[in-house]
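Enquirer: this one's sequence-less:
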């Protein structure tokens, strides 16, 4: 079978979107590929084109909402999610976060499988840090409603900016092997899980810099971080299910604060794009991958600070 490069895939998707400009699915598929490549602006435009053609397109709307959420634009994310699902105002933020963790369960499983095939998942590190991540993610979901999100947003933004500078200039990581110390990874794992549970994310923005700083190669840090997304997603989403189990007026097919149709549909699409992303990441040299991740963290941090 002939190998098709990532650029060729995107060119083919763009051609399909132009040829059948009224086909919302073509625009949505193009947006998924562009987002995985890192072209967030292009992905947003393509998702908007899909929604303009088909206003009730679930995957396009949900993915666009997820992009806005990851950028810190929670107002846009909540508006989109409310429009497509019909969630009561008082339950909107929790439903977005809980459903987002459900999506991450799919993408993390696919990404971890693909990374593991390339021997980029360091299991000795996972054995130490995963239990504390599970506890942290569950606590994050349970305490989300009691924390001022604006305060957390500023703290996370400052953290991301500082870490991006550290990664860009590659301050020497400690020589200590990450599997020789238990207390540090346990405390860090709890923090990663807690923040991830509150913000409804997979934790890569925290765990990748940590693993890299502890001495893992960049591709190993990304692969191991992807595996950490599995316990974060399952522990956090289950907690959101439990916390929201007593809430009335939630949409049909919701389990607590997790809206299953969005989690499954978007999750399956994310799983496919995650596999494409892993293939691309393992073709990029470590220095470029590290600098690219540093730039991404800087953009995310500045975006959160400026909002």
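Expert: Good, I have the coordinates. Quantities reported herein were computed from a predicted structural model and do not represent experimental measurements. Numbers count the residues shown, from 1 in each chain.

Enquirer: who's in contact with residue 265?
Expert: Residue 265 makes contact with 58, 59, 62, according to Cβ atoms under 8 Å, 6 or more residues apart in numbering. Placement of C-beta: from N, CA and C, glycine included.

Enquirer: what strand or helix carries it?
Expert: helix 260-281 (DSSP states H and E).

Enquirer: which positions within the following helix or strand past that helix qualify as buried?
Expert: Sequence-wise, the next helix or strand beyond helix 260-281 is helix 286-306, with elements assigned using DSSP H and E. For helix 286-306, burial by neighbour count (16 or more other Cβ atoms under 10 Å) applies to 289, 290, 291, 293, 294, 296, 297, 298, 300, 301, 304.

Enquirer: which one is residue 203 nearest to, not counting chain neighbours?
Expert: residue 196 (3.9 Å; Cβ to Cβ, 6 or more residues apart in numbering).

Enquirer: with residue 109 instead?
Expert: Closest residue to residue 109 in three dimensions, ignoring its sequence neighbours and counting by Cβ to Cβ, 6+ apart: residue 230, at 6.2 Å.

Enquirer: check the gap between that neighbour and residue 122 for me.
Expert: Separation of residue 230 from residue 122 (Cβ to Cβ, to the nearest Å): 15 Å.

Enquirer: the two: which has the busier surroundings?
Expert: residue 230 (21 against 18; other Cβ atoms under 10 Å).

Enquirer: thought the more buried one was touching residue 107?
Expert: No: using Cβ atoms under 8 Å, residue 230 makes no contact with residue 107, being 9.9 Å away.

Enquirer: buried sites along the helix or strand residue 97 falls within?
Expert: Using DSSP H and E, residue 97 falls within helix 92-117. Neighbour-count burial for helix 92-117, counted by 16+ other Cβ under 10 Å, picks out 92-116.

Enquirer: elements contacting that helix?
Expert: Where contact means 3 or more Cβ pairs under 8 Å, 6 or more residues apart in numbering; DSSP states H and E, helix 92-117 is packed against helix 58-70, helix 74-85, helix 123-143, helix 183-199, helix 218-243, strand 258-259, helix 260-281.

Enquirer: in the fifth one, what's buried?
Expert: Which is helix 218-243. Per 16+ other Cβ under 10 Å, helix 218-243 contains these buried residues: 218-241, 243.

Enquirer: for it, the averaged confidence score.
Expert: The average pLDDT within helix 218-243 is 91.

Enquirer: rewinding a little: ok, the residue nearest to residue 203 - how many residues close by?
Expert: 30.

Enquirer: do I have it right that it meets residue 138?
Expert: No: judged on Cβ under 8 Å, residue 196 makes no contact with residue 138 at a distance of 10.7 Å.

Enquirer: list residues touching both of the two?
Expert: Common neighbours of residue 196 and residue 138 (Cβ under 8 Å, 6+ apart) are residue 236.

Enquirer: quick revisit: going by mean pLDDT, which of the helices and strands packed on helix 92-117 comes out lowest?
Expert: Lowest mean pLDDT of the helices and strands packed on helix 92-117: helix 74-85, a mean of 66.

Enquirer: and the gap between residue 163 and residue 157?
Expert: 11 Å.

Enquirer: tell me which residues touch the nearest residue to residue 136 once chain neighbours are set aside, please.
Expert: Closest residue to residue 136 apart from its sequence neighbours, by Cβ to Cβ, 6+ apart: residue 193 at 2.5 Å. Contact analysis of residue 193 by Cβ under 8 Å, 6+ apart lists 132-140, 203, 231-232, 235-236.

Enquirer: what is the nearest of the residues you listed to residue 11?
Expert: For these, the minimum distance to residue 11 (Cβ to Cβ) is 33.2 Å, reached by residue 203.
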